[in-house]
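>>> pasting the sequence and the predicted model now:
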Amino acid sequence: MYYKEDPKFPENFMWGASSAAWQVEGGVAEGGRTPAMIDINSTKKKPYADNSIAADHFHRYKEDVALMAECGFSSYRFSLSWSRIIPHSDGKVNPEGIKFYNGLIDELIKNNITPIVTIYHYDLPVWVYEELGGWRSRKTIDAFEHLCKVCFENFGDRVKYWLSLNEQNMQICYGHWLGTSVGCTDWEREKWDINHIMNLCHAKAVIRCHEMVEGGKIGPVPGYVPIYPKTCNPGDQIAAMNAEELTQKIWNDTYVYGEYSNFVKKYWETHDIHPDIRPEDLELMKKAKIDFISVNCYRSNTAYESKIDSERQEYGLNKFGIKGQMQWPNVPGEYALCTNPYVEYTDWDWEIDPQAMRYSLRYLWNHYRLPMMITENGFGANETKDADGQVHDTARIEFLRDQIYQVGLAIEDGCEVIAYNPWSFTDLLSTGNGIKKRYGLVYIDTTDDELVNCKDVSELSMKRIKKDSYYWYSKLIKSNGKDW
Ligand code: BG6
């Protein structure tokens, strides 16, 4: 549809930004926190991802919230560190962990910022892996349910928007990258068991939230990447649909309908995969009715037909921020991905495609008819301070303006969208490129070399510098999306 005027945002629309505990907090050995598997995984990543200090939000959260308030935020999406809240297998709650998050939540509320809280964002405690068997073990479901109960009990009086697991689809599709596959010997098979266990954890979170949090709402956080067919060759269209199913739709259907789709059941049958799914599991999944879908959307992908006898090619992510290094995957008989000549690319070869945002919201709304909030969207870039000590991130402003405009158009199209929280508020660690791949509206004055080589954080500046995008975003959100 074509509109003559700029799109309008609803009166109570929530504007904010997003983060995750292990990518922003630091303080990994403080306040009673024990190690998480991601700590180990991230120190192995090259060039950098070490999360010992990250953005030092653990020590500076008050300063960060003050900056959010000054910017005009009405929401902030962050995650809880499981091993900060429950550091050991005895299940005892760490009062210092609760105190830290209470402090953050209270600070947000004092500043009229609605907390949107992710229960799990990639940081499985080492004790869950070593003593319970991690995501491969059903014991993890009880431990996760206990975590949920502790969170709802302690924070549910003030936190009303909850997110279960961040990007379960990506944790399964990119298990080696995100560390989900640690300990697996036959990942292609085991990942479906892990996925099922995650589905049960998600279901427990949904059910407990509704039981324990008065007025509480909860949803999943799929990573959504719309897939376009490369050409109008019908084979390319089917390939795009296959890619859509195998990287996201399988998950979204399960969350919404509480059951596995025929497509995934058929996929398992043809690949001789037999996840351990019990009748009581299916009952549980059916009971877990989500209130909204939380959407992480950065980019699009393009697919073409893959012949069954073609050679398998794994996804080779661009890890260095120099254009042209992405290796596109080929899944024989299902789909292959390729570059799209109609869009620009970031230095990490991610498509810059604002209309992917409108497409995603339309697609999810058309399929599921649930309210949506955007919990991630953003521009990862190589950035440094200019001679004047400021960060003039014009490209990020353009990126955000175009993306937010498309959110507005999707709302005009009839989609119910209640919040926009781009990734990220401050610069923080990317999943594998340290702080070098910067996403923030606020610059953190440090580098990966400094973070890795210092003795402790007191040696570093870690100064918060508002980027040009911070000022631009502030004007936009204070006008509720009118001042572009
Ligand atoms: C999302 C994740 O998929 O993408 C975040 O939820 C992540 O944790 C973000 O940081 C950006 O990806 P990357 O690889 O650039 O950090």
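Right, received. Where do you want to start?

>>> contacting residues for the nearest residue to Ile141 once chain neighbours are set aside?
Closest residue to Ile141 in three dimensions, ignoring its sequence neighbours and counting by Cβ to Cβ, 6 or more residues apart in numbering: Leu200, at 5.0 Å. Using the backbone N, CA and C atoms, a C-beta is placed for each residue, glycine as well. For Leu200, the contacting residues are 138, 141, 281, 284-285, by Cβ atoms under 8 Å, 6 or more residues apart in numbering.

>>> hang on, Leu200 in a strand?
No. Going by DSSP: H, G, I helix; E, B strand; the rest coil, the assignment for Leu200 is helix, not a strand.

>>> for Arg208, see how far away it is.
Counting by Cβ to Cβ, to the nearest Å, the gap between Leu200 and Arg208 amounts to 12 Å.

>>> and what of Glu280?
Distance check for Glu280 against Arg208: by Cβ to Cβ, it reads 17 Å.

>>> who's more crowded, the two?
Neighbours per residue, other Cβ atoms under 10 Å: of Glu280 and Arg208, the larger number sits with Arg208, 23 against 9.

>>> need the contact list for the more buried one.
The contact partners of Arg208, taken as Cβ under 8 Å, 6+ apart, are 145, 148-149, 152.

>>> helix or strand next in line after the helix or strand hosting it, which one?
When elements are assigned from DSSP states H and E, Arg208 belongs to helix 187-212. Reading on from helix 187-212 to the C-terminus, the next helix or strand found by DSSP H and E is strand 217-221.

>>> now check that next one, is it near the ligand?
No. With Cβ under 6 Å from any ligand atom as the measure, strand 217-221 is seen stopping short of the ligand, the closest distance being 7.5 Å.

>>> adjacent strands (with direction) for that strand?
Strand pairing for strand 217-221, determined by DSSP bridges: strand 161-166 (parallel).

>>> any idea of the mean pLDDT for the partner strand?
Confidence over strand 161-166, taken as the mean pLDDT, stands at 98.

>>> what does stretch 207-223 give?
Per-residue scores along stretch 207-223 average to 98.

>>> ranges for the strands of the stretch 251-400 of the chain?
Assigned by DSSP state E, counting those that start in this stretch, the stretch 251-400 of the chain shows strands spanning 293-296, 301-304, 330-331, 335-338, 344-345, 351-352, 372-376.

>>> let me see the mean pLDDT of the third one.
So the one you mean is strand 330-331. 96.

>>> and if you look at the fourth one?
Confidence for strand 335-338, expressed as mean pLDDT, is 98.

>>> same question for stretch 389-398.
Over the span of stretch 389-398, the pLDDT mean works out to 98.

>>> show the end-to-end separation of that stretch, please.
21 Å (Cα to Cα, to the nearest Å).

>>> buried ones in it, by neighbour count?
Buried residues in stretch 389-398, defined by neighbour count with 16 or more other Cβ atoms under 10 Å: 391, 393, 395-397.

>>> any bit of it sitting next to the ligand?
No. With Cβ under 6 Å from any ligand atom as the measure, stretch 389-398 is seen stopping short of the ligand, the closest distance being 13.6 Å.

>>> what does that stretch rub up against?
Residues from elsewhere that reach stretch 389-398, judged by Cβ under 8 Å, 6+ apart: 378-379, 381, 383-386, 441, 443, 465, 467-469, 472.

>>> check which helix or strand Leu147 maps to.
Secondary-structure assignment from DSSP H and E places Leu147 in helix 139-155.

>>> ok, and for that helix, which residues are buried?
Residues of helix 139-155 classed as buried under the neighbour-count rule (16+ other Cβ under 10 Å) are 140-141, 143-145, 147-152, 154-155.

>>> coming back round to it: closest one of the contacts of stretch 389-398 to Cys297?
Proximity to Cys297 was ranked across these by Cβ to Cβ; first place goes to Gly378, at 9.8 Å.

>>> residue of the protein nearest the ligand, please.
Distance from the ligand to each residue of the chain (Cβ to the nearest ligand atom) is smallest for Ser430, at 3.0 Å.

>>> quick one: contacts for that residue?
Shown here is Ser430, whose contacts under the criterion Cβ under 8 Å, 6+ apart are 23, 49, 380, 436-437, 439.

>>> which among those residues are in contact with the ligand?
Checked against the ligand using Cβ under 6 Å from any ligand atom, the contacts of Ser430 give the following subset in range: 23, 380, 437.

>>> so Ile85 touches Tyr101, yeah?
Yes. Distance between Ile85 and Tyr101: 7.5 Å, which falls inside the contact criterion (Cβ atoms under 8 Å).

>>> looking at these two now, which is surrounded by more residues?
Counted by other Cβ under 10 Å, Ile85 and Tyr101 do not tie: Ile85 has more neighbours, with 25 against 22.

>>> distance of that one from Arg33?
With distances taken as Cβ to Cβ, Ile85 is found 9 Å from Arg33.

>>> which neighbours do those two share?
94, 97.

>>> what's the first helix or strand after the helix or strand of the chain with the lowest mean pLDDT?
When the helices and strands of the chain are compared on mean pLDDT, DSSP states H and E, helix 37-44 comes out lowest with a mean of 82. On the C-terminal side of helix 37-44, the nearest following helix or strand under DSSP H and E is helix 57-71.

>>> show me the helices in the stretch 201-350 of the chain, by range?
In chain order, the stretch 201-350 of the chain shows helices spanning 234-244, 250-257, 262-270, 279-287, with DSSP state H, counting those that start in this stretch as the criterion.
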